[in-house]
Structures are given as structure tokens and as C-alpha cells.
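J.: one predicted model, sequence on top.
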Protein chains: 2
Amino acid sequence: MTTAPARPTAYADATVAVAVDVVPLALHEGAVHAAVVRVEHGVARSRLAFPGGRVRENESLDDAASRWLDGTLPGSRAHVEQLYTFGEPGRDPASRVVSVAYLALLPRALPSDGVLWVPCEPAPRLAYDHRTILHTALERLRAKLAYTNLAWALLDESFTLGELQQVYETVLGLALDRRNFRKRILALGLLKPLGTTRGGAHRPAQLYRFATRRPITVGVLPDRE
Amino acid sequence: MTTAPARPTAYADATVAVAVDVVPLALHEGAVHAAVVRVEHGVARSRLAFPGGRVRENESLDDAASRWLDGTLPGSRAHVEQLYTFGEPGRDPASRVVSVAYLALLPRALPSDGVLWVPCEPAPRLAYDHRTILHTALERLRAKLAYTNLAWALLDESFTLGELQQVYETVLGLALDRRNFRKRILALGLLKPLGTTRGGAHRPAQLYRFATRRPITVGVLPDRE
DNA sequence: GCAAAAGTGTTAGTGATACACCCATGA
DNA sequence: TCATGGGTGTATCACTAACACTTTTGC
């Protein structure tokens, strides 16, 4: 083969379909949870799977992901990013479907009709190859938490340092020293103290917000602690 | 929307096609180069683009990428990994094509019929959205070089520390202190000295190889130097 | 007053940086 | 002998890790 291939032009190939699947994750009761729904049709009927489906002809992949997320968890503020594309023949036994998976991070596991929030560990049984997709999503989350400020996506706009620390501890499954965590995270200069406090059952905590809620790449974590 | 959608079953949606595009990168004359080919058909005819095309019904995405790479640069040993999926409507003016882009790293810019190796900077003019794809590929390469041992994919099996250092310097566009680079890279324990040397025009250099040529995540670089 | 989380500083150690000189070879 | 890249050690600095006690509140 020595020449460039033809690009697709007028004809269409009816054998490979394109879908998106959205992996909505949120922290709940000290553990990472994922939102799943029951499959309605086909051989996987009534099994659990991530929300998703066909991409429309005139929508982008990102738009399709947002549409499926909003259809499942309406009105939720979420950070959505493309995760990976899964396209093994046979991953959907009924037909050839290439699925572009998206990761959606939410500050709360909001209840919604027909939606189940399940803990990610131990890994739940899911339809199709969605367990693999979940695994990929968790890997991505852990990796990005360690070198970006992505934690804002798993928190409300304002939060205490204790809550922020819990995000890291929960997702990464490790315990962090409170004093060193505060020093490091404040030294990054990404947080703004709000001047207000939140009263719980105990001593009230200072509230903070992220100065920017867009992805920034910085080392947020120690190598080990 | 409160319930799970139907998965695709018997019918097919002829409106969205799936392709792969492969971004082959190699170092050449002190700069990152990419392999491109000329588009043969359609409105982009004779413009430069990355090799790629439709995914066959019974092949995986990875297999499709390997097929297109091998069709363009036969017999090359390459590291191939999925990069990102591009699916804006209108990215191919002729029809709706969702393209799964792949990154291919090669130890040499091997010449091949119909293939042009072009420097990545300044960014070349390319058909479709391939300039965006190239940009994404370079970002990925730089990021992974900094926190993995991926450099092996851009080198022959055996190499000198000087050559290894050049990979980092070329890709990341910075100068590294030789002594510190050697200390750091050897301290990682990923390299095996071969005991042999390579004679160039000057003092012969010790040859090394990577103990493992699979992706490993380690900090390979200083923050800045 | 007691339980529970918030808040705070110092020290020791490790790892990163900066830096200069000699060596081996081919031309 | 000269030009070119290969090879080596040390001192300083910055950052990280380890660590314990006091404060504030609700009950």
C-alpha cells in the first residue's frame, strides 16, 4: 500500500453504528458511586448499564453526551469529558456499535427516576462492556485528581478544606495528613477563602471556593503519604 | 427522561460512519515529524492528511489503526495507542464521519512510497480537522513523555544516554543538564547497560536498553530546568 | 465537660539544581 | 592537536514528611 485511501464520500456504511455512553460519578457516603439505568430492550434487557445511545446525525459527540446525561440526571451541574472509545466487535451482541464513552463528574449523587447510584467498589455487574468502561473512568478520575484541580467537579461551589481533603482520600483510597494537605493545597493558590464559615455539629470551618473551575494542571498530591 | 434507552438492535443508522486516523510521529533531524499522505478523492483531494479510513465490520478499532499504519509504513515497529475521537458534524464536508484518532510512535522516520514526513512545527496545513488532531497528538506525546517511560517508542532497541536525552529535549523543546539527566534516569532503574559501546566520530558511548518496553508511569523529568 | 472536627509550626530528611573538569575518539 | 560528545561528584536549596497540642462548637 503506497497511496492515500479514499475518504468516505457519498455512500454510507450501514454496518458500524456510533453511540455515546456516559459514566456519571459522584461521591456518596464516603465512596465513589456511579449512576446506572436499566436496559429496556435487547438481550441485555433489565440489566444495569450507563446511560447512552445513538449519536444523532447533526450533533457533536460532546452534545450527544450532554443530551444523555441531562436526560438521565436533569439539571445537574457536571463536568463532562471524553474518556475513551470502545469498539470491539461483539461488545454489543446485537450489532456493531462503537461507543464513545464520556466521564461526567457531579458534586452530588442526585436521585432521579429510574436511576440507581451504585458503589464503584466492588465493581458492580453491568451490561455490555460497561464494567470495563467504569474501570477506565475510575482510572482517569484518579489520575487527573492527582495532577489537576479537577476536584472542584466533585464539590459544591463552596466547601471546607476538610471536604476537599475527603475528596482526595475517598477517590484515591489513602489517608492524608491534615496539616500537610492544607499547606500544599493553599500554597497552590487555587483556592479563595470566602470569609464565611459553615457550622456543623462542631467547630465551624472556613469555606473556600476554587478561583477557577476550569482544568488546570498542577501537582496536588505528595508522592505517597 | 427517566428510563433507559433502547440499545441498537437490528436496524442500522446509515448516517454516521466510523473511521480511524493514525498520526505516525518520529524524530528526524532534531525535530518531531509526522507522516502524511495525499488525499485521493473528494473535496480534499490532493491535500495532505493522516493515513486512515473506514473501520471494517469485523475488526476492532485497534486493528483498524494497525491496518492503516501498516498499509502506509509497512513493517515498522511502532507503539500505537488510541488518542481521541473527533466527531464534529462537518469535520468531513462530504459526510458525517466520526474518527477515532490513534497515535503511532516510531523509532525512525522511514521513507515509504507516497508518504511525506513533515515537521510538526510550525504546524503544517492538513485536510479536514487533521491539524487539530496533530495538535492533540503532540500534547499527548509531551504529557506522556514527562510521566512515563514512553521514550522507548521513539528509539531503537539500544541507544546511548545522549540519544535518550535528545528525545526529551526535542519533544519538550528544552535543554537538560546532562549530569542531572543521567542521575535521574539511571536512578529510575528502567535502563539496562548493554556493556557494549557505539563508536561515533568521538568518544564511544555506553549502550542501554529499556528493561521493559511497556508503558510505566514514573516521573522522568524535573519540574523545570 | 465531653466529643468531634478545625486550626496551627517546626524539624529532619530527601531529592532537585547548579556547576567544571577530564576522557576517549576520529579527523 | 583539536573538536566533539561522553563521563563523573559535590554543595546548596527547596520541598516533603512526620509529628502533637489547642480551639471552637453542639450536645
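T.: Received, thanks.

J.: so where is chain A shaky, pLDDT-wise?
T.: Applying pLDDT under 70 to chain A flags the ranges A:1-14, A:219-225.

J.: longest helix in it, please.
T.: helix A:130-147 (DSSP state H).

J.: would you mind listing what in chain A touches DNA strand C?
T.: Residues of chain A found near DNA strand C (C-beta under 7 Å from any atom of the strand) are A:160-162, A:178-180, A:182-183, A:197, A:200-206. In this view, the C-beta of every residue, glycine as well, is placed from N, C-alpha and C.

J.: for chain A, which segments count as strands?
T.: A:17-28, A:31-38, A:48-49, A:52-54, A:79-86, A:97-105, A:116-119, A:159-160, A:191-198, A:205-210 (DSSP state E).

J.: okay, those in JSON lines with mean neighbour count next?
T.: Shown next, in JSON lines, are the strands of chain A (neighbours: other C-beta atoms under 10 Å in any protein chain shown):
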{"stretch": "strand A:17-28", "mean neighbour count": "24"}
{"stretch": "strand A:31-38", "mean neighbour count": "21"}
{"stretch": "strand A:48-49", "mean neighbour count": "20"}
{"stretch": "strand A:52-54", "mean neighbour count": "24"}
{"stretch": "strand A:79-86", "mean neighbour count": "20"}
{"stretch": "strand A:97-105", "mean neighbour count": "26"}
{"stretch": "strand A:116-119", "mean neighbour count": "16"}
{"stretch": "strand A:159-160", "mean neighbour count": "20"}
{"stretch": "strand A:191-198", "mean neighbour count": "13"}
{"stretch": "strand A:205-210", "mean neighbour count": "18"}
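
J.: compare those strands and give me the one nearest DNA strand D.
T.: strand A:191-198 (7.6 Å; C-beta to the nearest atom of the strand).

J.: about what we covered before: which of the residues of chain A next to DNA strand C are buried?
T.: A:Thr160, A:Leu161, A:Arg182 (16 or more other C-beta atoms under 10 Å in any protein chain shown).

J.: surely the last one meets A:Thr160?
T.: No: with contact taken as C-beta atoms under 8 Å, A:Arg182 and A:Thr160 are classed as non-touching, separated by 10.8 Å.

J.: save the strands of chain A as TSV, and put in distance to chain B too.
T.: Shown next, in TSV, are the strands of chain A (distance: least, C-beta to the nearest C-beta, whole Å):
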stretch	distance to chain B
strand A:17-28	5
strand A:31-38	4
strand A:48-49	7
strand A:52-54	4
strand A:79-86	4
strand A:97-105	5
strand A:116-119	10
strand A:159-160	28
strand A:191-198	21
strand A:205-210	22
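
J.: what's the closest of those strands to B:Val100?
T.: strand A:79-86 (5.0 Å; C-beta to C-beta).

J.: got the angle between the closest one and strand A:17-28?
T.: Orientation note: strand A:79-86 sits at an angle of 130 degrees relative to strand A:17-28 (axes from the mean of the first three to the mean of the last three C-alpha atoms, to 10 degrees).

J.: mind listing the strands strand A:79-86 pairs with, and their directions?
T.: strand A:97-105 (antiparallel) (DSSP bridges).

J.: ok so, going back, out of the buried ones among the residues of chain A next to DNA strand C, who's nearest B:Arg214?
T.: A:Arg182 (37.8 Å).

J.: how far away is the closest one from DNA strand D?
T.: Distance from A:Arg182 to DNA strand D, counting by C-beta to the nearest atom of the strand, to the nearest Å: 10 Å.

J.: show me what contacts the closest residue in space to that residue that isn't next to it in sequence?
T.: Excluding its sequence neighbours, the residue lying closest to A:Arg182 (C-beta to C-beta, 6 or more residues apart in numbering or on different chains) is A:Leu161, at 5.6 Å. By C-beta atoms under 8 Å, 6 or more residues apart in numbering or on different chains, the contact list for A:Leu161 reads A:Phe181, A:Arg182, A:Ile185, A:Ala205, A:Gln206, A:Tyr208.

J.: what of A:Ala127?
T.: A:Val39, A:Ala44, A:Arg47, A:Leu48, A:Ala49.

J.: repeat for A:Val100
T.: A:Val100 neighbours (C-beta under 8 Å, 6+ apart): A:Val18, A:Ala19, A:Val20, A:Asp21, A:Val55, A:Leu61, A:Ala65, A:Gln82, A:Thr85, B:Thr85, B:Gly87, B:Val98.
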